[in-house]
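Enquirer: Mind looking at a prediction? Sequence and model below.
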Amino acid sequence: DAKTTQPPSMDCAEGRAANLPCNHSTISGNEYVYWYRQIHSQGPQYIIHGLKNNETNEMASLIITEDRKSSTLILPHATLRDTAVYYCAPSGNTPLVFGKGTRLSVIA
Amino acid sequence: DSGVTQTPKHLITATGQRVTLRCSPRSGDLSVYWYQQSLDQGLQFLIHYYNGEERAKGNILERFSAQQFPDLHSELNLSSLELGDSALYFCASSEHGTPDGTEAFFGQGTRLTVV
């Protein structure tokens, strides 16, 4: 399984874009990059995933570097409800393994 | 609502006891995953079942066991409970046997407190 490195915490002003980085330099060629978030002690919520190309959905955008060794999750207009712990988790044919994630605090 | 149902939501029990946590996956999902989250710890993968068969094991203690039934619901059995087993236990389900480009959906968890 690819190991991940994420900053332990980040702050973002409400209404601004939140850019959350993840380093996954040992990712394998067949592993997708998944992003989840966990609000308080709720069940983790799926956000987005990608293999090589950048992806966008109604929640976020995912930018994956060309060498696939890192990625950035972008929340374009952060709201207070986006305050959560964000996890990136590379996974191919194995179950998702989560690191410690980034605690994002959105500030009014 | 993810469509994954976990019961009970809360459970308080004494050391040395045995409990069973239940998970009903989303309709049509064949895979069930169990995770443990202790205070100040990340999500630890425990075990994965696909269509009734064990597919992968993570950091699951020998005192813990799981199974997936023909109707695809799953149970996690925790025995000889210790104070350190107090944690949130999450179940997730996905359509296929591997994540492999499909997302997994998590339930709201069972909070186990061992006293």
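Expert: Yep, that arrived. Numbers count the residues shown, from 1 in each chain, chains lettered A, B, ... in the order given.

Enquirer: and B:Gly84, helix, strand or coil?
Expert: When classified by DSSP: H, G, I helix; E, B strand; the rest coil, B:Gly84 comes out as helix.

Enquirer: I'd like the distance from it to A:Leu75, if you could.
Expert: Per Cβ to Cβ, to the nearest Å, B:Gly84 is found 35 Å from A:Leu75. C-beta coordinates here come from the backbone N, C-alpha and C atoms, glycine included.

Enquirer: If you count surrounding residues, which of these two has more?
Expert: Neighbour comparison, B:Gly84 and A:Leu75: the larger count goes to A:Leu75, with 21 against 10 (by other Cβ atoms under 10 Å in any protein chain shown).

Enquirer: Which strand residues bridge the more buried one?
Expert: Beta-bridge pairing for A:Leu75 (DSSP bridges): A:Ala18.

Enquirer: Restrict the helix or strand encompassing B:Ala66 to CA atoms and write it as PDB.
Expert: Element membership of B:Ala66 [criterion: DSSP states H and E] is strand B:64-68. Output in PDB follows, covering the C-alpha atoms of strand B:64-68 (Å, rounded to 0.1, in the frame of the first residue of the first chain):
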ATOM      1  CA  PHE B  64     -12.300 -10.300  17.000                       C
ATOM      2  CA  SER B  65     -14.100 -12.100  14.200                       C
ATOM      3  CA  ALA B  66     -16.500 -11.300  11.400                       C
ATOM      4  CA  GLN B  67     -18.700 -12.900   8.900                       C
ATOM      5  CA  GLN B  68     -20.900 -12.000   5.900                       C
END
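
Enquirer: just checking, next helix/strand downstream of it?
Expert: Immediately after strand B:64-68, counting by DSSP H and E, sits strand B:74-78.

Enquirer: does any part of the helix or strand immediately after that next one in the chain sit near chain A?
Expert: On the C-terminal side of strand B:74-78, the closest following helix or strand by DSSP H and E is strand B:87-94. Yes - for strand B:87-94, a contact with chain A is found by Cβ under 8 Å from any Cβ of the partner chain, at B:Leu88, B:Phe90, B:Ala92.

Enquirer: that older thread, let's test this: mean pLDDT of the strand holding B:Ala66, rounded?
Expert: The average pLDDT within strand B:64-68 is 97.

Enquirer: what angle separates it from strand B:87-94?
Expert: 30 degrees (axes from the mean of the first three to the mean of the last three Cα atoms, to 10 degrees).

Enquirer: Quick check: neighbours of strand B:64-68 in the sheet, parallel or antiparallel?
Expert: Assessed with DSSP bridges, strand B:64-68 is paired to strand B:74-78 (antiparallel).

Enquirer: residue ranges with poor pLDDT in chain A?
Expert: A:1-2 (pLDDT under 70).

Enquirer: what residues are up against the residue in chain B positioned nearest to chain A?
Expert: Closest residue of chain B to chain A, Cβ to the nearest Cβ: B:Phe106 (3.6 Å). With contact set as Cβ atoms under 8 Å, 6 or more residues apart in numbering or on different chains, B:Phe106 has these partners: A:Tyr36, A:Gly43, A:Pro44, A:Gln45, A:Tyr46, B:Ser2, B:Val4, B:Tyr35, B:Phe90, B:Cys91, B:Ala92.

Enquirer: want to try a markdown table for those residues, with secondary structure and distance to A:Asn54 as columns?
Expert: Output for the contacts of B:Phe106, formatted as a markdown table (DSSP: H, G, I helix; E, B strand; the rest coil; distance: Cβ to Cβ, whole Å):
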| residue | secondary structure | distance to A:Asn54 |
| --- | --- | --- |
| A:Tyr36 | strand | 18 |
| A:Gly43 | coil | 27 |
| A:Pro44 | coil | 23 |
| A:Gln45 | strand | 21 |
| A:Tyr46 | strand | 18 |
| B:Ser2 | coil | 26 |
| B:Val4 | coil | 29 |
| B:Tyr35 | strand | 28 |
| B:Phe90 | strand | 29 |
| B:Cys91 | strand | 31 |
| B:Ala92 | strand | 26 |
